[in-house]
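Colleague: Need coordinates for the below:
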Amino acid sequence: MTMPVSRKSLLGLVALVLVFSAGSRWWASHSAEQVGQQIAELAGPGEIEMLSSQTCAPCAAARDWLNTHRVRFSECTIETDAACQARHQAMGQLLMAPGTPIMLVRGQPQLGFSPQRVLARLSAPA
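Modeller: Reported below is the predicted structural model:
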């Protein structure tokens, strides 16, 4: 036999879920801000380069993230720069996966953009 749920219990549960959801969003935002600050502090001139494409949504998201967190980086576009295109093809073969963006962090290629992977590479001994 099931017991009926009171309106007060249901409202309490909804409030708990809303508080937990808001806390989770705040924590994710706070964490991203901390990672961004750490990357900005660690990245020296020329240490982060993005090989991108004009039609690549993840490239635009990476660019926005880096700019929002004031991270120094350089970028080349494979459609407008022949040298960039050649480097992209070579990196794609090295990574055994074509795609953009390719992030070069202290010369080490990373397919796609992950702030945590960028931070890990910048934090590693040189």
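Colleague: Tell me which helix or strand comes right after the lowest-mean-pLDDT helix or strand in the chain.
Modeller: Between all helices and strands in the chain, the lowest mean by mean pLDDT, DSSP states H and E belongs to helix 7-42, at a mean of 68. Past helix 7-42, further along toward the C-terminus, the next helix or strand under DSSP states H and E is strand 48-52.
Colleague: Flag every buried residue along that following strand.
Modeller: Neighbour-count burial for strand 48-52 flags 48, 49, 50, 51, 52 (criterion: 16 or more other Cβ atoms under 10 Å). (Glycine included, C-beta is placed from N, CA and C.)
Colleague: Closest to residue 88 out of those residues?
Modeller: Nearest to residue 88 out of these is residue 51 (Cβ to Cβ; 4.7 Å).
Colleague: Quickly list what that closest one is bridged to.
Modeller: Going by DSSP bridges, residue 51 is paired in beta bridges with residue 76, residue 102.
Colleague: What residues does it make contact with?
Modeller: 75, 76, 78, 84, 87, 88, 91, 100, 101, 102, 103, 104 (Cβ atoms under 8 Å, 6 or more residues apart in numbering).
Colleague: if we go to 7 Å?
Modeller: By Cβ atoms under 7 Å, 6 or more residues apart in numbering, the contact list for residue 51 reads 76, 78, 84, 87, 88, 91, 100, 101, 102.
Colleague: Quickly note the distance from it to residue 93.
Modeller: Distance of residue 51 to residue 93, computed by Cβ to Cβ, to the nearest Å: 13 Å.
Colleague: same thing with residue 58?
Modeller: For residue 58, the distance to residue 93 - Cβ to Cβ - is 20 Å.
Colleague: Pick out whichever of the two has more residues nearby.
Modeller: Neighbours were counted for residue 58 and for residue 93 using other Cβ atoms under 10 Å; residue 58 has more, 14 against 10.
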